[in-house]
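need a structure here:
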Amino acid sequence: MKKILLFLPLLAVLMISSCDNDPCKGVECVKGECVDGTCVCDTCENGTCTTGDCECFEGFQGDNCDVEIREKFIGNWTGELDCSGICIFAPDLCGTELNLTISKDEDNISKVMISAPDTEFDVFGNGTLGSDNETIDLDERQLEIMGIAAVVNGDIVQESEDEIKVRLVISASILPTTIDCPITFTRQ
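A predicted model of the protein is given here:
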């Protein structure tokens, strides 16, 4: 009996001290809850949960990293090709309706494929999400337009949910300067 009485205070001390070792004591989670001293996000689909906050992987955004950034650019767009720089190379295209298709590059979450199926030449090529996650930077392309060697690059900016502005920058050895050609497209 004496041994049990001596053991009880020791057991009480152990129980009280174990309460002080709560791994979540003093841990404040921005979102989610503390589990074993670590903040766990409720959901973090395409990111890593850090202190209860979802840090998105490249190409994703949103509170739960559930929004693919490039998604806002994907689709079919229509605009009018009315740019003096392009008119120099292809006068028959000036003032014509231009259809643009932007689709996902399935191999890279940060890239898109851009085509203008109604034109003889494809000045658009592919693009990569800009560092600001609000633009697509067009990959530089070297091509021949109407027998003239040219370099084309530029960017795409979303003006609204249903409107993008494509800015082509064209340079060629026969031109005294580069030509900046903005074209507004509306979602079809």
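
where does the protein have low pLDDT?
Using pLDDT under 70 as the threshold, the predicted model of the chain has low-confidence ranges 1-20, 31, 85-86, 88-90, 93, 120-122, 146.

Which parts of it belong to which domain?
2-65, 69-187 (automatic domain parsing).

Serialize those domains to JSON lines and add fields for mean neighbour count.
Placement of C-beta: from N, CA and C, glycine included. Below are the domains of the chain laid out as JSON lines (neighbours: other Cβ atoms under 10 Å):
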{"stretch": "domain 2-65", "mean neighbour count": "13"}
{"stretch": "domain 69-187", "mean neighbour count": "16"}
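
Would you give the sheet partners of the top strand by length along the chain, along with the direction of each?
Ranked by residue count, the top strand of the chain under DSSP state E comes out as strand 148-160. Counting by DSSP bridges, the strands paired with strand 148-160 are strand 135-145 (antiparallel), strand 163-172 (antiparallel).

which residues sit against the shortest one?
Just to be clear, that refers to strand 163-172. The set of residues external to strand 163-172 that reach it, using Cβ atoms under 8 Å, 6 or more residues apart in numbering, is 73, 77, 79, 83, 85-86, 89, 100, 123-124, 138, 145, 148-159, 178-187.

any idea where the strands of the protein begin and end?
Across the chain, reading from the start of the chain, the strands by DSSP E fall at 33-35, 38-40, 47-50, 53-56, 60-61, 67-68, 75-81, 96-104, 111-115, 126-129, 135-145, 148-160, 163-172, 179-187.

got JSON lines for those strands, with distance to residue 22 too?
Formatted as JSON lines, the strands of the chain follow (distance: least, Cβ to Cβ, whole Å):
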{"stretch": "strand 33-35", "distance to residue 22": "9"}
{"stretch": "strand 38-40", "distance to residue 22": "13"}
{"stretch": "strand 47-50", "distance to residue 22": "20"}
{"stretch": "strand 53-56", "distance to residue 22": "22"}
{"stretch": "strand 60-61", "distance to residue 22": "34"}
{"stretch": "strand 67-68", "distance to residue 22": "36"}
{"stretch": "strand 75-81", "distance to residue 22": "51"}
{"stretch": "strand 96-104", "distance to residue 22": "46"}
{"stretch": "strand 111-115", "distance to residue 22": "47"}
{"stretch": "strand 126-129", "distance to residue 22": "43"}
{"stretch": "strand 135-145", "distance to residue 22": "47"}
{"stretch": "strand 148-160", "distance to residue 22": "48"}
{"stretch": "strand 163-172", "distance to residue 22": "52"}
{"stretch": "strand 179-187", "distance to residue 22": "53"}
